[in-house]
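Just the structure for this:
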Amino acid sequence: MESKNKKHIIQILPYFPPHIWGLEKVWEDIFLKWTGWKSYIYSWNMCQESKKEMNKKYVYNDWNKIIVDNDNKIFFPSYEIIDNFPIPAFWTKEFWNSLWCIYSIIKDLKNQKDEDIIIITHTRFFLSSLMGWIIARKYKCKWVHIEHGSDYVLLSSPVKNKIAYIYDRLIWKWVLKKANKVLCISEASKKFVEDEFWRKDVVVWHRGIEFPEVVSSNILKNKFPNKKIIWYVWRLYTWKNVWWLCEAYLTLPKNLLHSTQLVIIWTWEDFKSLTHKYTDSWIYFSWGVDYKNSLCYQSEFDIHVHPSSPGWGLATTLLQAMKLWCLIVATPYEWAKEVITSWENGILLSNDSLHELQRWIIEALTDFEKKHKFSQRNKEILQDQFDMKKNIEKLFNVI
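Reported below is the predicted structural model:
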């Protein structure tokens with residue numbers, strides 16, 4: 001597919017690899033696939049990583065494939081005064097030097113003919129998206145915002161939640177109205193933006209998924225022979241609701257406890273408190289593993305539990321479970337109700353409570369033979385909704 005004008009995309013991110021969230025994976029997908037139209041991508045990133053990481057010649061993804069070199073990325077120094085909220089170090093010379101680089105890039109492109117410059121920002125709330133709007137307005141560039149969230153931010157106390165809510169309503173209601181185009185990565189995110197931020201022309205754009213070849217190592221099957229593996233994988237954080245999953249598992253009937261094994265893959269904020277409470281309680285924690293190894297573990301799982309509470313968007317691990325033929329038990333949150341239909345391709349819970357998790361884990365173990373039927377349907381859904389080429393073409397057409 002060719003466009004009359006070349007599309008020069010400047011993506012503005014709060015984080016950059018080696019830091020990995022879903023946001024960075026969406027950036028990577030766009031960067032890698034857009035080159036099929038011979039367009040150019042410049043990425044601006046506020047990054048809290050060390051200068052040693054910033055100055056590496058290459059950044060690698062999880063399969064040791066080069067995704068970008070220093071010619072196409074510019075780092076703004078930043079600090080996390082608040083956890084997971086990088087603030088640009090505008091008081092430093094490095095910040096203004098990086099800003100000058102952005103200005104020089106845009107000026108050079110505007111001097112060429114038939115050039116479209118598009119600013120892409122990811123996720124409201126981060127200051128990188130606010131600054132993307134400022135840059136787009138100052139230099140008269142088109143601005144496309146991709147929203148990943150589907151609820152207000154939840155923090156560690158009611159007071160912090162109230163402050164975050166006020167900040168969201170005051171700043172982001174205004175900013176989201178100013179974008180030339182708003183894309184949401186799920187129907188849940190679209191509804192949230194329409195209802196709470198009054199933007200009605202939102203387009204749903206599912207990011208495509210490409211899965212690397214996975215070779216199971218049978219580590220878990222050898223470690224826990226003759227047991228069905230129940231598992232959770234990815235960040236251990238409050239809204240992921242892993243606490244209730246652990247409690248639900250430990251309150252299973254004794255015969256099911258003896259014939260199953262709960263495995264928790266990965267780490268993050270709640271890791272220490274979870275392991276302190278549950279390490280000696282029939283639960284196995286893997287500690288941190290890279291993406292490829294987490295997929296190897298995941299390929300051994302029998303029942304994938306998606307225990308998430310409301311908030312955020314696409315849970316890539318859920319799509320991985322669909323690909324790897326796990327029997328899925330999922331709360332409706334983090335996009336699950338858009339891809340899981342109860343007793344068609346998995347088991348969809350009504351909420352994220354302890355009772356619901358316990359009840360339907362028992363049901364999944366009882367009706368485990370439905371796994372094959374569900375897996376066939378999951379294969380069809382992935383091909384229909386999450387084909388990488390198809391979804392990148394949709395993004396191209398929208399832009």
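
residues making contact with stretch 363-370?
228, 256, 259-260, 302-303, 327, 329, 343, 347 (Cβ atoms under 8 Å, 6 or more residues apart in numbering). Glycine gets a C-beta too; all of them are placed from N, C-alpha and C.

I'd like to know which of those residues is nearest to I81.
V329 (38.6 Å; Cβ to Cβ).

where does that closest one sit relative to A315, distance-wise?
Plainly put, V329 is 13 Å away from A315 if you go by Cβ to Cβ, to the nearest Å.

just to revisit the earlier point, out of the contacts of stretch 363-370, which are inside helices?
256, 259 (DSSP state H).

I'd like the contacts of stretch 363-370 written out as TSV, with distance to E363 and neighbour count added.
Output for the contacts of stretch 363-370, formatted as TSV (distance: Cβ to Cβ, whole Å; neighbours: other Cβ atoms under 10 Å):
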residue	distance to E363	neighbour count
K228	14	16
L256	11	15
S259	15	13
T260	13	20
D302	14	20
I303	11	22
L327	10	26
V329	8	29
W343	10	12
I347	7	23
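
Switch the contacts of stretch 363-370 over to TSV; also include distance to R169 and pLDDT.
Shown next, in TSV, are the contacts of stretch 363-370 (distance: Cβ to Cβ, whole Å; pLDDT from 0 to 100):
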residue	distance to R169	pLDDT
K228	46	84
L256	45	86
S259	49	89
T260	44	89
D302	44	87
I303	40	89
L327	41	89
V329	35	92
W343	39	88
I347	36	92
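
Pick out the most distant pair among the contacts of stretch 363-370.
Maximum distance among the contacts of stretch 363-370 (Cβ to Cβ): 22.9 Å, for S259 and W343.

Give the residues shared as contacts by V329 and A315.
H306.

Helices of the stretch 251-399 of the chain, residue ranges please.
Remark: helices assigned in the stretch 251-399 of the chain by DSSP state H, counting those that start in this stretch are 254-259, 271-278, 291-298, 316-323, 336-339, 354-366, 371-385, 388-398.

tell me which strands and helices the last one is in contact with?
If I follow you right, that is helix 388-398. helix 22-34, strand 181-184 (3 or more Cβ pairs under 8 Å, 6 or more residues apart in numbering; DSSP states H and E).

And for the longest one?
Applying 3+ Cβ pairs under 8 Å, 6+ apart, one finds that helix 371-385 contacts helix 316-323, strand 327-330.

try the fifth one
Secondary-structure packing of helix 336-339 (3+ Cβ pairs under 8 Å, 6+ apart): helix 187-197, helix 316-323.

Is it possible to get a markdown table of the contacts of stretch 363-370 that adds distance to Y103?
Shown next, in a markdown table, are the contacts of stretch 363-370 (distance: Cβ to Cβ, whole Å):
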| residue | distance to Y103 |
| --- | --- |
| K228 | 58 |
| L256 | 62 |
| S259 | 63 |
| T260 | 58 |
| D302 | 55 |
| I303 | 53 |
| L327 | 53 |
| V329 | 51 |
| W343 | 56 |
| I347 | 53 |
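
where does I12 land in three-state SS?
strand (DSSP: H, G, I helix; E, B strand; the rest coil).

What number of residues are in the vicinity of it?
27 (other Cβ atoms under 10 Å).

repeat for Q383
10.

And it, how far from K191?
Taking Cβ to Cβ, one finds Q383 at 25 Å from K191.

Tell me who's in contact with the closest residue to S217 other than its chain neighbours.
Sequence neighbours aside, C296 is the residue nearest to S217 in space, at 5.1 Å (criterion: Cβ to Cβ, 6 or more residues apart in numbering). Contact analysis of C296 by Cβ under 8 Å, 6+ apart lists 214-217, 219.

which SSE is the nearest residue to A89 once chain neighbours are set aside in?
Once flanking residues are discounted, A89 sits nearest to P77: 4.3 Å by Cβ to Cβ, 6+ apart. Per DSSP states H and E, P77 falls inside strand 73-82.

All good on my end, thank you.
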